[in-house]
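# here are the coordinates; sequence isn't available:
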């Protein structure tokens, strides 16, 4: 019995020695300096985009109101409304535009019976849907960090592009 235990322990140790070492994912691990550079880049980009969006707002006939999540909405006081709870469902659609007001996709993005807390959606869209009423349509002005960020959507939306989102709760 002791020999069996001894052989088992030896084989476990030898398996451990032969195990391959873990390698970082493709692209490697960012150093603290790289993380700081990235953080500062995003902070500066966000500040530039916020100023550009503010300038765009000032040239519009419609009023837009800032939200706590760092985007603007075309409804006053909407984020002070009652918030929809997690696991409630909602159907909605939205169209995406750039700030030249060019529609990006011909067909709207549409979801039926999506459940809050289980969204696979832009954070600004999910957050806005929690506060709008059924049948209501709002316009969101979204900085790139809350849209498709530094990667874009790998289709028509390039990286670092702020968006206008026309959102409707169905």
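Perfect, I can see it now. Since this is a predicted model, take the numbers as computed values, not measurements.
# Counting by contacts, list what the longest helix belonging to the chain packs against.
The residue-count maximum for a helix in the chain (DSSP state H) belongs to helix 32-58. Helix 32-58 sits against strand 137-142, with contacts defined as 3 or more C-beta pairs under 8 Å, 6 or more residues apart in numbering; DSSP states H and E. Bear in mind the C-beta positions are built from the backbone N, C-alpha and C, glycine included.
# So what touches the strand it packs on?
53, 56-57, 62, 64, 71-75, 78, 122, 124-125, 128, 132, 162-169 (C-beta atoms under 8 Å, 6 or more residues apart in numbering).
# What of stretch 68-80?
Outside stretch 68-80, the residues that touch it by C-beta under 8 Å, 6+ apart are 46, 50, 53, 57, 62-67, 123-124, 127-128, 131-132, 136, 138-143, 145-146.
# what bits of this protein have low per-residue confidence?
Counting by pLDDT under 70, the chain contains low-confidence residues at 1-30.
# 50 instead?
The model of the chain has pLDDT under 50 over residues 1-7, 9, 12-13, 15-25.
# Weed out the non-buried ones from the contacts of stretch 68-80.
46, 50, 53, 64, 67, 124, 127-128, 131-132, 138-143, 145-146 (16 or more other C-beta atoms under 10 Å).
# Now, the contacts of strand 137-142 that are in helices?
53, 56, 57, 124, 125, 128.
# Having no further points to raise, I will conclude here.
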